[in-house]
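# here is the input, now give the coordinates:
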Amino acid sequence: MFPTALPPVTHSVVRLSAADRHVIRRAAVVVGLGNYTHPKTRHSIGQYCLSPLMRLAESHDQALRREIARRVSRLPPDAPTFELPETTPLQSFRHVRASKGWLACVSVLLDSAPSKGSALRRAPDFRLGKYPYVLFDLVFYIPRVLMNVNGTGVASALRMYPDVTLEHAILVHDELQRPFGKVAFKAGGSAAGHNGVRSVQQVLRCSGRSMNQPDIARIRIGIDRPQDPSHDVGAYVLGAMPPAWLTACDFTPDGTPGPVLQQLWQVLHSWCLSHIAPFCE
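Here you go, the predicted structure:
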């Protein structure tokens, strides 16, 4: 049902090359909620998107490394350079019994500096050297348990990565309250009726401040509501995604990421960098 391949562990990089700024390393876990028995239904859209999201992350990593190589080639001969890990190949999904699901990994390099044209770059005290490149070891996880008990799977997966706390885990799931094509970040709070989120919150005790507990971040993908008010919502969310939805959540035949996939990456990218404080030389 899901592809299998290499071992599900974050890996160390041996070969190094040069960067024009410092490089730091972080890790995070990205969880796709859903019913693994129904991989292309609306309720499992969070799981369906993970494989293309990994490929898009890998593509971003390769593009940034090419840009860094260009920057380094233009440095003066006496300019300092810093060690930069080589690209680590994507580790495809593999079922791991201890995790109660499928695990995969990809290492992606991100630039924490403000984008060109940002007001931050025009500030008098702006120094590019304060902003490192960040090598993220991203672990992607798909529970092999039903939606209502996804929390048991997520807990099992996180136990395999004891250095990754709830602060560095994010859930990807469907959202009835938004039209299809809309992707939004939520820092935590109520499960809003989503059984998978509720299960994670109950098992991991992360229901938010109202319960005097930590939060867990979420990326919500809109799946809309049935057009006919009399249509059963349960049957709707368990129904197959239309072909146009599948295309929007994946790459097109010419290799362009679909609009939902692009939004997912933008939100994930921003969330990853939100955990990084500027590096002070």
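# this structure: strands as residue ranges?
Taking DSSP state E as the criterion, the chain contains strands spanning 16-19, 23-32, 82-85, 91-96, 101-111, 133-143, 169-175, 183-186, 217-222.
# list of residues touching stretch 210-219?
With contact meaning Cβ atoms under 8 Å, 6 or more residues apart in numbering, stretch 210-219 is reached by 46, 166-167, 169-173, 183-190, 197, 200-201, 204-209, 264, 267-268, 271. (Each C-beta comes from the backbone N, C-alpha and C, glycine too.)
# where does the prediction get shaky in the protein?
Residue ranges of the chain with pLDDT under 70: 1-16, 277-281.
# what are the buried residues along stretch 80-93?
Residues 84, 85, 87, 88, 90, 91, 92, 93 are the ones in stretch 80-93 that count as buried (16 or more other Cβ atoms under 10 Å).
# and it, end to end?
End-to-end distance of stretch 80-93 (Cα to Cα, to the nearest Å): 39 Å.
# wait, residue 221 touches residue 260, no?
Yes. Using Cβ atoms under 8 Å, residue 221 makes contact with residue 260 at a distance of 6.5 Å.
# between the two, what contacts are shared?
Residues touching both residue 221 and residue 260 (Cβ under 8 Å, 6+ apart): 49, 183, 249.
# most neighbours, which of those residues?
The most crowded member of the shared contacts of residue 221 and residue 260 is residue 249, carrying 28 neighbours; neighbours defined as other Cβ atoms under 10 Å.
# separation between it and residue 20?
Separation of residue 249 from residue 20 (Cβ to Cβ, to the nearest Å): 35 Å.
# picking that back up, so which of the strands of the chain is nearest residue 64?
Nearest to residue 64, of all the strands of the chain, is strand 101-111, at 5.1 Å by Cβ to Cβ.
# so which elements touch that closest one?
helix 50-73, strand 82-85, strand 91-96, strand 133-143, helix 150-159, helix 259-274 (3 or more Cβ pairs under 8 Å, 6 or more residues apart in numbering; DSSP states H and E).
# out of the ones you listed, deepest packed?
strand 133-143 (a mean of 25; mean count of other Cβ atoms under 10 Å).
# who does it pair up with?
strand 23-32 (parallel), strand 101-111 (antiparallel) (DSSP bridges).
# out of the contacts of stretch 210-219, which are buried?
Applying 16+ other Cβ under 10 Å to the contacts of stretch 210-219 flags 46, 166, 169-173, 183, 186, 188, 197, 200-201, 204, 206-208, 264, 267-268, 271 as buried.
# need the buried residues of stretch 80-93 in a markdown table (columns: distance to residue 74).
Shown next, in a markdown table, are those (distance: Cβ to Cβ, whole Å):
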| residue | distance to residue 74 |
| --- | --- |
| 84 | 16 |
| 85 | 21 |
| 87 | 21 |
| 88 | 26 |
| 90 | 30 |
| 91 | 33 |
| 92 | 36 |
| 93 | 39 |
